[in-house]
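Colleague: Have a look at this prediction, sequence included:
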Amino acid sequence: MKLLILSDDFTGALDTGVQLSSQNIPTTVYVSARGAVPLTMEPDDAEVLVINAETRHLSYEEAYACTQSLLKRYAVPGVYVYVKTDSALRGNIAAACQAAVDTCGSPLMFVPAYPALGRITRQSVCYVNGKLLEHSIFRNDPRTPTLQSSILDIFRSSKAHFSMCPVPVSGLAAFPEQLAAAKSDVYIFDCETDRDLEQIADTIHKCGKYGLTAGCAGFAATLASHIPFHRAAPEKAAYFGPVLFVSGSANAVTFSQIAFAREHGFQVLSLADMIERCAQGRDDIDAMIADTPAQRILSSARESLSHNRPVVLATACCREELSRNNSPAFHETVAKLTASLVQLLIEQCSVENIAVFGGDMVTAILKQLACTKVTAHGEITAGVPLCTFIHQGKLRCLITKSGGFGSEDTILAIHQFFGGNH
């Protein structure tokens, strides 16, 4: 292993891993930090090890401790480290960066932008599709809303105590001198284009500071040019068959994608009524699945899948269906219930292709299937990774997407990738 990537959720882990695997770099992604194994027992020859640390919803102290523990365990001498952060700056970014600086003993080069998906950084302020981050759709995230746009302000309002140094794009030529003079812990790079990403990567590499970097999936793609990876062309595979789509996202982008799919003839099955029962305190999942509403949903889904037709299973199809209960226990019950329904459909209908929207939901489903790792292959489209995993001795395809990623026709594009016509 040459590169260790730590992510705070599973879709982020995959988004980043496929940036390397798509360049023929063997990449293994672990579903959970608790599913990772020591390097001395690593069962494959992956050049890149990506671990979902599952720190998005933890406290600052818990996220720091988890990140530091993983770094102490895996960041052995000679291994490059990449701290994967959310492109909308959600979660415990400050805690992860502080743990990396403290544990690795070197300055952190932070490049948070992802220009290809409309995330840019100007004067250390983040914009999403031309809007300040705090005015974007991520302000309405029910669990981790983003209320600030300035990276400096986000870090200063946290418990982190590292020193920071902004680096404008116009200052890249002078960065070596700035690096020598500033002696800061974290360098925050502005970036507005893919060309900026490449120039930043070249500059950091020339300064010999590529050992500890951070950012979202956008900057991760540049790592392949500056780390001496062994490359192996993957086996070609044919992807076909119906797709079971599962949405656990509360993002407006995903809601628009579900509406577009419904308008184009996809069967959309809402779990909103069942979820409301969870919100009212019911947590007997086996009993809920045995009840008539769940059995009707399962029957309808089985009918479509048995005739090679795609199905969209959604915890909510629009903002009006969202529950006001945002407690951790409620979200865990919802994820467990949905994952149990998905497992039944996969095993009863021999589903080979599953597309899941929302990092927490992907993790819950894979844990339900007792899957500890996946192999990253590439992207169907920007921000939509394609992976494979083994379940019950059978190779299956997994497509994931962060809630805020993708165009309106993303579900249709995935369906067409697997040979579907509409």
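Modeller: Cool, got the structure. Numbers count the residues shown, from 1 in each chain.
Colleague: Show me how the protein divides into domains.
Modeller: When the chain is parsed with automatic domain parsing, its domains come out as 3-225, 243-417.
Colleague: want to throw those into a markdown table with mean neighbour count, mean pLDDT and distance to residue 232?
Modeller: C-beta here means a position set from N, CA and C on the backbone, and glycine is covered the same way. As requested, those are arranged in a markdown table below (neighbours: other CB atoms under 10 Å; pLDDT from 0 to 100; distance: least, CB to CB, whole Å):
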| stretch | mean neighbour count | mean pLDDT | distance to residue 232 |
| --- | --- | --- | --- |
| domain 3-225 | 20 | 93 | 6 |
| domain 243-417 | 19 | 91 | 12 |
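Colleague: With respect to residue 231, which of the ones you listed lies nearest?
Modeller: Closest to residue 231 of the domains of the chain, according to CB to CB: domain 3-225, at 4.2 Å.
Colleague: separation between residue 221 and residue 75?
Modeller: Separation of residue 221 from residue 75 (CB to CB, to the nearest Å): 21 Å.
Colleague: so where do the helices sit in the stretch 251-400 of the chain?
Modeller: 252-263, 272-279, 285-290, 292-306, 328-349, 359-368 (DSSP state H, counting those that start in this stretch).
Colleague: Kindly reformat those helices as CSV containing distance to residue 101.
Modeller: Shown next, in CSV, are the helices of the stretch 251-400 of the chain (distance: least, CB to CB, whole Å):
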stretch, distance to residue 101
helix 252-263, 33
helix 272-279, 40
helix 285-290, 42
helix 292-306, 47
helix 328-349, 29
helix 359-368, 25
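Colleague: closest one to residue 9 among those?
Modeller: helix 359-368 (3.3 Å).
Colleague: For the closest one, which helices and strands make contact with it?
Modeller: helix 10-21, strand 243-247, helix 328-349, strand 353-357, strand 394-401 (3 or more CB pairs under 8 Å, 6 or more residues apart in numbering; DSSP states H and E).
Colleague: what do you get if the cut-off is 7 Å, keeping everything else the same?
Modeller: Applying 3 or more CB pairs under 7 Å, 6 or more residues apart in numbering; DSSP states H and E, one finds that helix 359-368 contacts helix 10-21, helix 328-349.
Colleague: on that earlier part again, export the domains of the chain to CSV and tack on distance to residue 233?
Modeller: Below are the domains of the chain laid out as CSV (distance: least, CB to CB, whole Å):
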stretch, distance to residue 233
domain 3-225, 5
domain 243-417, 12
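Colleague: Regarding residue 49, which helix or strand does it belong to?
Modeller: strand 48-52 (DSSP states H and E).
Colleague: Figure out which of the helices of the stretch 251-400 of the chain is closest to residue 137.
Modeller: Once the helices of the stretch 251-400 of the chain are compared by CB to CB, helix 252-263 is nearest, at 4.8 Å.
Colleague: got the contact list for that closest one?
Modeller: Helix 252-263 is contacted from outside by 137, 247, 268, 312, 314, 317-319, 357, 403-406, 408-412, using CB atoms under 7 Å, 6 or more residues apart in numbering.
Colleague: That helix vs strand 353-357, what angle?
Modeller: 140 degrees (axes from the mean of the first three to the mean of the last three CA atoms, to 10 degrees).
Colleague: ok, now which ones touch residue 363?
Modeller: 10, 31-32, 52, 54.
Colleague: hmm, back to that, nearest to residue 396, out of the helices and strands packed on helix 359-368?
Modeller: helix 328-349 (7.7 Å).
Colleague: which secondary structure elements does the closest one contact?
Modeller: strand 243-247, helix 272-279, helix 285-290, helix 292-306, helix 359-368.
Colleague: Apply 6 Å and report the result again.
Modeller: Secondary-structure packing of helix 328-349 (3 or more CB pairs under 6 Å, 6 or more residues apart in numbering; DSSP states H and E): helix 272-279, helix 285-290, helix 292-306, helix 359-368.
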